[in-house]
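Colleague: Compute the structure for the input listed below.
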Amino acid sequence: MDRLLPLIVVVPLLGAAVLVAAGRHVPRPVAEAVAGLAAAASAALAAAALAGPPEVSWVGAWRPQDGHSVGIVLVGDRIGLGLAALTSLLVVAVLAYSWRYFDEPPHGHGGAFPALVLLFQGGMCGFALTGDLFDAFVFFELMGVVGYALTGYRVEEARPVQGALVFGFVNSLGGYATLLGIGLLYARTGELGMAQVGRELDQAADAAGHGADALVVAAFVLVLTGLLVKAAAVPFHFWLPDAHAVAPTPVCMLLSGVMVEMGGYGAARVWTTVFGGPGGVPAAGARRTLLVLGVGSALVGALMCWQQRHVKRLLAFSTVAHTGLFLTGIALLTPHGVAGTALYVLGHAGAKAALFACTGILLDRHGSVDECELHGKGRGIPFTGLLFAAGGLALAGLPPFGTSLGKALVEERSPWLPALFVLVSAVTGGAVLRVAARVFLGAGQAGREDDEGPETTGGEEEPETGRRVRRPPVPMVTVAALLLAGALAVGTVPALTGAVSAAAEAFTDHAGYAAAVLDGRPAGRPEGPYDWWTWTGAGLGLLSAALAVALAARSVGLESRAVPWSAPLRRLHSGHVGDYVAWTVAGIGLVSLLALW
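Modeller: The predicted model follows:
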């Protein structure tokens, strides 16, 4: 079974290589079919690996001797494999969504776009499975570079290129910070494997009689910075709405559906394997860092989400807000927090990808993603409107969506978390429901032009199908419906919750991970009972959904205008890469202060 782990990463990379080599010489349907088969094969391999026991695969058979190894390891634990399976399934959905309808630009050929998507899949799966810090950085950068290319895929247009450059600059800074942090850890321990570095730090702490010193804390700050940039946590988030506003819709489905979540996963993985022992960073410092940035991201993202009329930017800021909730759940540093966040991520991936899919249908039908300009124009596609509204209710935390179950498992662990989760879920879900009411029902007023520039209104966009479509293509609507069905299934299958909870217990076991990777000891099998729906959790979900509906109903009849006191925050999102770089540097200082305080 351990031989499956490298194939999960290699198969999409080989598929991309075939498409690059032969894409110009085969019909486009053949190229898309090859990409779909490669993505589906990787998903099947991940599912097969999930069905077996956790495995460790040493590439090149360089296995540890007496707990030491120079080999590169892939770790098939349940959380990592689950994320790889989610990534692969979402890639299959994206390729099906764009099947024969996504218009290739003049510079491309039939295999260019699916080849890039497969490279993206390979990078994300490798990042989810690797147990080596440097390999994690390599996959991290592969994921980033392909993300830049996909964002600026229509290179003949100015705005996509600008969005890709902003994406590239900010994420490259994060990558450099991560590489520098890895270098500090290598200088201290002489190791690059996560389990080996963690064990070396623990042994050094036992010998010295004290915990982490300044070098280890600095390494933690630098490694965490790069991961938080990828997660689009405030104040590292500025690239995300700019990239979403100009990226093709299938790319937005991947960026918000799974790539941003990779940053949160990486932060949790690095903490539990490297810094979570006695030689790492004190739990109080890590918890404070993740909690402050999580709460800040949730509140800033929710406020900015409510202010948007550009539907893609609105959904992007909702991703920032929900990323904050993910980080808040991880900040608990407990199996319950990880389990709830994992379920939340599963539900959010389906709901958010479905919302972007519906937005793409509007773009291809009307050539606009401007909430005001689209007023009432969605009446002709009622089923798409129903799916869009269902996605808004899923973001709002309506039971039994997986987002609601994950939210319930996290927010019940602290007396003040329910207020944050209910507020952010209600505001982001309410913003989506407001768009649904105005666009698909023609409710309220169309709104008025305000002082927003054309780059933030979403009007006069080019359809991604090459021409406007009268009826939504069947693959687009089907994919959106299936994604929402998946988000619903997450909250209705008790066995899934039990499996995720057991996986979370193993994931947070610092010593157990090192023993499984370096000593070959089988991981323990934690047993239930595990939490599922409670009356309190379901009630909080109903409350946040009801508040979202109330907010949408209250605002739908009002003119589209910004809240005056939010103007300074909106001006910070200037679109100038220099401003964003400055905020990234300031964010590094903030993370340092929180970790050292």
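Colleague: looking at this, residue 115 is in a strand?
Modeller: No - under DSSP: H, G, I helix; E, B strand; the rest coil, residue 115 sits outside any strand and is assigned helix.
Colleague: Spit out the contact partners of the residue lying closest to it once chain neighbours are set aside.
Modeller: Spatial nearest neighbour of residue 115, chain neighbours left out: residue 19 (3.9 Å); criterion: CB to CB, 6 or more residues apart in numbering. Where C-beta positions appear, they are placed from N, C-alpha and C, glycine not excepted. By CB atoms under 8 Å, 6 or more residues apart in numbering, the contact list for residue 19 reads 31, 34-35, 111-112, 114-115, 118.
Colleague: Lowest pLDDT pick from the residues you listed?
Modeller: Note: of the contacts of residue 19, the lowest pLDDT belongs to residue 111, at 77.
Colleague: The closest residue to that residue other than its chain neighbours: how many residues sit nearby?
Modeller: Counting by CB to CB, 6+ apart, the nearest residue to residue 111 once its immediate chain neighbours are dropped is residue 23, at 2.2 Å. Residues within reach of residue 23, counting by other CB atoms under 10 Å, total 22.
Colleague: Same check on residue 18?
Modeller: Look at residue 18: counted by other CB under 10 Å, it has 18 neighbours.
Colleague: what's the helix or strand for it?
Modeller: Under the criterion of DSSP states H and E, residue 18 resides in helix 4-22.
Colleague: Just the C-alpha atoms of the next helix-or-strand element following that helix, please, in PDB.
Modeller: Following helix 4-22 in sequence order, the next helix or strand is helix 28-51 (DSSP H and E). The C-alpha trace of helix 28-51 is given here as PDB (Å, rounded to 0.1, in the frame of the first residue of the first chain):
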ATOM      1  CA  ARG A  28      -8.800  19.300 -27.600                       C
ATOM      2  CA  PRO A  29     -11.400  16.700 -26.400                       C
ATOM      3  CA  VAL A  30      -8.600  14.100 -26.300                       C
ATOM      4  CA  ALA A  31      -6.300  16.300 -24.300                       C
ATOM      5  CA  GLU A  32      -9.100  17.100 -21.800                       C
ATOM      6  CA  ALA A  33      -9.900  13.400 -21.600                       C
ATOM      7  CA  VAL A  34      -6.300  12.500 -20.800                       C
ATOM      8  CA  ALA A  35      -6.300  15.200 -18.100                       C
ATOM      9  CA  GLY A  36      -9.500  14.000 -16.600                       C
ATOM     10  CA  LEU A  37      -8.300  10.400 -16.500                       C
ATOM     11  CA  ALA A  38      -5.000  11.400 -14.800                       C
ATOM     12  CA  ALA A  39      -6.800  13.500 -12.200                       C
ATOM     13  CA  ALA A  40      -9.400  10.700 -11.600                       C
ATOM     14  CA  ALA A  41      -6.600   8.100 -11.300                       C
ATOM     15  CA  SER A  42      -4.800  10.100  -8.600                       C
ATOM     16  CA  ALA A  43      -8.100  10.500  -6.800                       C
ATOM     17  CA  ALA A  44      -8.700   6.800  -6.900                       C
ATOM     18  CA  LEU A  45      -5.200   6.100  -5.600                       C
ATOM     19  CA  ALA A  46      -5.800   8.500  -2.700                       C
ATOM     20  CA  ALA A  47      -9.100   6.800  -1.900                       C
ATOM     21  CA  ALA A  48      -7.500   3.400  -2.000                       C
ATOM     22  CA  ALA A  49      -4.700   4.500   0.300                       C
ATOM     23  CA  LEU A  50      -7.300   5.900   2.700                       C
ATOM     24  CA  ALA A  51      -9.000   2.500   2.800                       C
END
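Colleague: Summarise which helices and strands helix 28-51 is packed against.
Modeller: helix 4-22, helix 78-97, helix 112-129 (3 or more CB pairs under 8 Å, 6 or more residues apart in numbering; DSSP states H and E).
Colleague: 10 Å instead?
Modeller: On a contact count with 3 or more CB pairs under 10 Å, 6 or more residues apart in numbering; DSSP states H and E, helix 28-51 meets helix 4-22, strand 72-76, helix 78-97, helix 112-129.
Colleague: Would you mark the buried spots in the following helix or strand past that helix?
Modeller: Once the chain leaves helix 28-51, the next helix or strand it forms, by DSSP H and E, is strand 55-59. For strand 55-59, the neighbour count (16 or more other CB atoms under 10 Å) marks 55-58 as buried.
Colleague: I'd like the contacts of residue 19 laid out as JSON lines, including distance to residue 366.
Modeller: Shown next, in JSON lines, are those (distance: CB to CB, whole Å):
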{"residue": "31", "distance to residue 366": "29"}
{"residue": "34", "distance to residue 366": "33"}
{"residue": "35", "distance to residue 366": "29"}
{"residue": "111", "distance to residue 366": "30"}
{"residue": "112", "distance to residue 366": "27"}
{"residue": "114", "distance to residue 366": "26"}
{"residue": "115", "distance to residue 366": "30"}
{"residue": "118", "distance to residue 366": "31"}
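Colleague: Among those residues, the buried ones, what's the ChimeraX command?
Modeller: In ChimeraX, this line selects whichever of the contacts of residue 19 come out buried by 16+ other CB under 10 Å:
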select :31,34,35,111,112,114,115,118
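Colleague: Quick check: the farthest pair among the contacts of residue 19?
Modeller: 34 and 112 (12.9 Å; CB to CB).
Colleague: what is in contact with the two at once?
Modeller: Residues touching both residue 34 and residue 112 (CB atoms under 10 Å, 6 or more residues apart in numbering) are 19, 23.
Colleague: what's the helix or strand for the residue nearest to residue 426 when sequence neighbours are not counted?
Modeller: Computed as CB to CB, 6+ apart, the closest residue to residue 426 that is not its neighbour in sequence is residue 547, at 3.7 Å. If you go by DSSP H and E, residue 547 is part of helix 535-556.
Colleague: Give the buried residues for that helix.
Modeller: By neighbour count with 16+ other CB under 10 Å, helix 535-556 contains the buried residues 537-538, 540-541, 543-545, 547-549, 551-552, 555-556.
Colleague: Same list (those) but as JSON lines, adding distance to residue 7.
Modeller: Below are those laid out as JSON lines (distance: CB to CB, whole Å):
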{"residue": "537", "distance to residue 7": "38"}
{"residue": "538", "distance to residue 7": "41"}
{"residue": "540", "distance to residue 7": "42"}
{"residue": "541", "distance to residue 7": "39"}
{"residue": "543", "distance to residue 7": "45"}
{"residue": "544", "distance to residue 7": "41"}
{"residue": "545", "distance to residue 7": "41"}
{"residue": "547", "distance to residue 7": "46"}
{"residue": "548", "distance to residue 7": "42"}
{"residue": "549", "distance to residue 7": "46"}
{"residue": "551", "distance to residue 7": "47"}
{"residue": "552", "distance to residue 7": "46"}
{"residue": "555", "distance to residue 7": "50"}
{"residue": "556", "distance to residue 7": "50"}
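Colleague: okay, who's weakest in those by pLDDT?
Modeller: On pLDDT alone, residue 556 ranks lowest of the buried residues of helix 535-556, at 83.
Colleague: Which residue comes closest to that one once chain neighbours are left out?
Modeller: Nearest residue to residue 556, sequence neighbours excluded (CB to CB, 6+ apart): residue 444, at 4.0 Å.
Colleague: Count the neighbours of residue 208 for me.
Modeller: Neighbourhood size, residue 208 [other CB under 10 Å]: 10.
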